[in-house]
Structure formats: C-alpha cells, structure tokens
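Participant: no letters, just coordinates:
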C-alpha cells in the first residue's frame with residue numbers, strides 16, 4: 001500500500017503543477033483582454049459609465065483637497081486645472097480644445113440648466129488650484145460628481161445629465 005502511494009505522489013504533484021500553471025495563464029489574461037472595451041453608444045461622444053467604473057482606478061477624494069479653495073482640485077495631462085466644489089458644481093480652466101477662441105472655462109454650476117463655456121463661468125469659479133494630477137485611467141467622485149482622465153488624456157466630468165468631455169482635439173457639452 002505504501003509503495004503505491006509513493007509511486008502515485010509524483011503524478012499528483014505533476015498534475016497540481018500543470019493545473020496551477022494553466023490557472024495562472026488564464027487569470028493573467030492577454031493584452032487583448034486588458035484593452036478598453038467600446039461599450040458606449042455609437043452616436044454619443046461620451047465614454048460609457050461602466051468603462052470608467054469597471055476599468056479605471058478610483059482615487060480617494062481627500063487626497064485632492066487643497067488650501068486654495070473648498071472642494072477637490074486636480075490637474076490633467078492636457079494642462080487643465082479642474083475642480084468639484086459646492087453641491088457638485090464642477091469645471092476646468094485652461095485650453096478648452098475645439099471651443100471658440102479665447103475660451104478658458106468649461107463646467108456646470110449648481111442651479112444652471114446646461115453645461116457651458118463662457119466668460120461668466122470664469123466669474124463663478126472658485127479660485128482653486130490643483131496640487132495633484134488625476135492620472136490617465138483614473139477617476140474621482142465628490143459631492144455626486146464624477147470626473148475621469150481617460151487613457152488618451154481626455155477629461156470627462158458628469159453629474160446626472162450635466163457633463164462635458166474635453167479631448168486633445170475637440171470638446172463636447174451636454175446635451176450632445
């Protein structure tokens with residue numbers, strides 16, 4: 001009986017080794033599996049919510065508080081200075097790609113009926129200054145608003161139906 005167990009043990013170990021290797025290969029996946037899925041509507045320029053929630057890293061909002069103003073403030077790879085402040089208002093200051101010349105502010109302020117870019121928005125913005133970058137493939141949520149830096153360095157912010165999407169070449173405001 002003992003001889004039979006000793007002869008079978010190497011086979012069991014080999015079988016365990018092979019199954020562990022196969023499991024490791026299946027769990028790590030291939031680069032194609034890690035690519036971003038295209039789950040949004042073909043007619044919408046905005047990224048899908050599930051893409052951000054399922055594939056991006058959520059950062060801790062308290063890491064983005066500054067002494068310059070209330071709310072959370074972050075910079076983006078496109079050079080925007082963005083914030084989410086009182087009651088979920090949100091916006092960015094900087095080069096708003098594809099907007100009319102001279103446009104430097106984009107956002108939504110609580111009580112407005114649209115997301116917009118105009119000179120008045122600049123007056124309504126708090127004087128917050130980002131101290132940290134929101135890196136690509138990450139997002140922050142604060143006061144019911146979510147902002148993300150996409151893999152291509154675009155910036156997307158949304159609160160319910162109010163949203164904007166600033167890409168390296170163009171900008172969209174809700175509703176599309």
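Facilitator: Yep, it's here. Note that the coordinates shown come from a computational prediction; the quantities given were computed from them, not determined experimentally.
Participant: all strands for this structure, in order.
Facilitator: 57-58, 72-75, 81-84, 90-93, 105-108, 138-142, 145-149, 155-159, 162-166, 171-173 (DSSP state E).
Participant: between those, which gets nearest to residue 132?
Facilitator: Of all the strands of the chain, the one in closest proximity to residue 132, counting by Cβ to Cβ, is strand 72-75 (5.9 Å). No exception for glycine: its C-beta is placed from N, CA and C like everyone else's.
Participant: which other helices and strands does that closest one contact?
Facilitator: strand 81-84, strand 138-142 (3 or more Cβ pairs under 8 Å, 6 or more residues apart in numbering; DSSP states H and E).
Participant: in terms of secondary structure, what does the last one contact?
Facilitator: Right, the one you point to is strand 138-142. strand 57-58, strand 72-75, strand 145-149.
Participant: if we use 6 Å, what do you get?
Facilitator: Counting by 3 or more Cβ pairs under 6 Å, 6 or more residues apart in numbering; DSSP states H and E, the packing neighbours recorded for strand 138-142 are strand 145-149.
Participant: sheet-wise, list the partners of the strand it packs on with their directions.
Facilitator: Sheet pairing of strand 145-149 (DSSP bridges) gives strand 138-142 (antiparallel), strand 155-159 (antiparallel).
Participant: hey, which of these is tucked in deepest?
Facilitator: strand 155-159 (a mean of 23; mean count of other Cβ atoms under 10 Å).
Participant: mind listing the helices for the chain?
Facilitator: 2-28, 31-34, 49-55, 119-124 (DSSP state H).
Participant: mean pLDDT lowest where, among the ones you listed?
Facilitator: Lowest mean pLDDT within the helices of the chain: helix 31-34, at a mean of 33.
Participant: in this structure, which residue is most central in space?
Facilitator: residue 148 (2.6 Å; Cα atoms, centre = their mean).
Participant: which residues does that residue contact?
Facilitator: Contact analysis of residue 148 by Cβ atoms under 6 Å, 6 or more residues apart in numbering lists 52, 56, 139, 156.
Participant: and the gap between residue 160 and residue 170?
Facilitator: In this view, residue 160 and residue 170 are 23 Å apart by Cβ to Cβ, to the nearest Å.
Participant: comparing these two, which shows the higher neighbour count?
Facilitator: Neighbours per residue (other Cβ atoms under 10 Å) separate residue 160 from residue 170, with residue 170 holding more: 13 against 10.
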